[in-house]
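Chemist: Only the shape, not the letters, is given here:
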């Protein structure tokens with residue numbers, strides 16, 4: 001297939017095994033995953049199954065922009081919204097969904113300007129795999145709060161999907177963590193040689209939708225950090241002229257882009 005706005009590299013062992021997709025550059029300014037794939041692809045030898053390495057949004061990567069016309073991380077939907085379907089990212093997602101339909105697993109590499117600690121997003125039926133990620137936190141529930149992500153697309157089709165938030169934008173630590181996570185994930189799946197390193201200590205959170213943005217984005221009243229727990233009812237920002245609040249003990253997630261409230265839970 002000729003891809004409109006993506007680069008897809010298939011490594012096929014020709015031996016029976018899982019089919020995996022590793023995505024990077026869904027958001028073009030989140031370069032740590034792109035750099036991780038640049039490093040890993042020439043070095044990885046697939047021993048079983050096959051792996052699609054995907055540079056998802058080439059034009060946004062080249063321009064160091066989050067997206068060109070529409071957030072690609074909201075476009076992986078069989079029924080796309082009217083306003084997204086004819087955009088560059090809407091068309092890109094349609095092509096990449098053909099790749100995802102072939103896959104049993106996806107790991108989508110992201111990073112963020114608000115992260116001090118990296119974390120992984122997944123849903124409850126994927127928890128058997130979270131020990132392979134060297135991160136302290138696991139967030140569930142974003143399939144509802146953030147519909148249209150690549151990992152959510154696989155989850156909605158009964159498969160396994162993860163989004164790794166590897167740390168600060170363009171940080172060497174973020175790149176290194178993304179590389180280590182990809183290797184460990186593929187080792188757990190027995191796709192490449194090597195012994196999986198196990199990271200058991202995790203805090204678990206559940207994300208809940210709390211506000212539907214009406215004016216494109218919320219203008220924050222100050223800088224908040226991911227996983228900041230609020231000590232009292234707090235004004236987060238304004239959606240146009242409408243004030244938006246979180247309640248006491250709510251935990252903030254994604255305050256720089258979309259805002260989600262979390263609760264810590266026991267697993």
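Modeler: Sure thing, it's come through. Keep in mind that this is a model prediction, so the values were computed, not measured. Residues are numbered from 1 along each chain as shown.
Chemist: which regions of the stretch 151-267 of the chain lie under the pLDDT threshold?
Modeler: The model of the stretch 151-267 of the chain has pLDDT under 70 over residues 215-216, 256-257.
Chemist: Would you map the strands across the stretch 101-250 of the chain?
Modeler: Per DSSP state E, counting those that start in this stretch, the stretch 101-250 of the chain carries strands over the ranges 105-112, 119-121, 137-140, 160-168, 203-208, 219-220, 228-229, 234-239, 242-246.
Chemist: looking at those strands, which is closest to residue 87?
Modeler: Between residue 87 and those, the shortest separation by Cβ to Cβ is 19.4 Å, and it involves strand 105-112. Backbone N, C-alpha and C define where each C-beta goes, glycine included.
Chemist: I'd like the strands of the stretch 101-250 of the chain written out as JSON lines, with mean neighbour count and distance to residue 177 added.
Modeler: Output for the strands of the stretch 101-250 of the chain, formatted as JSON lines (neighbours: other Cβ atoms under 10 Å; distance: least, Cβ to Cβ, whole Å):
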{"stretch": "strand 105-112", "mean neighbour count": "26", "distance to residue 177": "9"}
{"stretch": "strand 119-121", "mean neighbour count": "25", "distance to residue 177": "11"}
{"stretch": "strand 137-140", "mean neighbour count": "22", "distance to residue 177": "13"}
{"stretch": "strand 160-168", "mean neighbour count": "25", "distance to residue 177": "5"}
{"stretch": "strand 203-208", "mean neighbour count": "18", "distance to residue 177": "17"}
{"stretch": "strand 219-220", "mean neighbour count": "14", "distance to residue 177": "26"}
{"stretch": "strand 228-229", "mean neighbour count": "14", "distance to residue 177": "21"}
{"stretch": "strand 234-239", "mean neighbour count": "17", "distance to residue 177": "28"}
{"stretch": "strand 242-246", "mean neighbour count": "15", "distance to residue 177": "28"}
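Chemist: Quick one: the ones you listed as TSV, columns for distance to residue 19 too.
Modeler: As requested, these are arranged in TSV below (distance: least, Cβ to Cβ, whole Å):
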stretch	distance to residue 19
strand 105-112	8
strand 119-121	21
strand 137-140	24
strand 160-168	11
strand 203-208	28
strand 219-220	41
strand 228-229	38
strand 234-239	41
strand 242-246	40
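Chemist: With respect to residue 93, which of these lies nearest?
Modeler: Nearest to residue 93 among these is strand 105-112 (12.3 Å), distances taken as Cβ to Cβ.
Chemist: Next, the angle from that closest one to strand 160-168.
Modeler: 20 degrees (axes from the mean of the first three to the mean of the last three Cα atoms, to 10 degrees).
Chemist: which helices and strands does strand 105-112 pack with?
Modeler: With contacts taken as 3 or more Cβ pairs under 8 Å, 6 or more residues apart in numbering; DSSP states H and E, strand 105-112 sits against strand 19-24, helix 32-40, helix 150-156, strand 160-168, helix 172-188.
Chemist: Who's the closest spatial neighbour of the residue nearest the centre of the chain, skipping the chain neighbours?
Modeler: Per Cα atoms, centre = their mean, the C-alpha nearest to the average position across the chain is that of residue 163, at 3.0 Å. Nearest non-adjacent residue to residue 163, counting by Cβ to Cβ, 6 or more residues apart in numbering: residue 121, 4.1 Å away.
Chemist: what does residue 119 give?
Modeler: Closest residue to residue 119 apart from its sequence neighbours, by Cβ to Cβ, 6+ apart: residue 137 at 3.8 Å.
Chemist: So the one you found sits against residue 121, correct?
Modeler: No. Using Cβ atoms under 8 Å, residue 137 makes no contact with residue 121, being 9.7 Å away.
Chemist: show me the contacts for the nearest residue to residue 124 once chain neighbours are set aside.
Modeler: Leaving aside its chain neighbours, residue 124 sits nearest to residue 140 (5.9 Å; criterion: Cβ to Cβ, 6+ apart). Going by Cβ atoms under 8 Å, 6 or more residues apart in numbering, residue 140 touches 121, 122, 123, 124, 204, 205, 206, 207.
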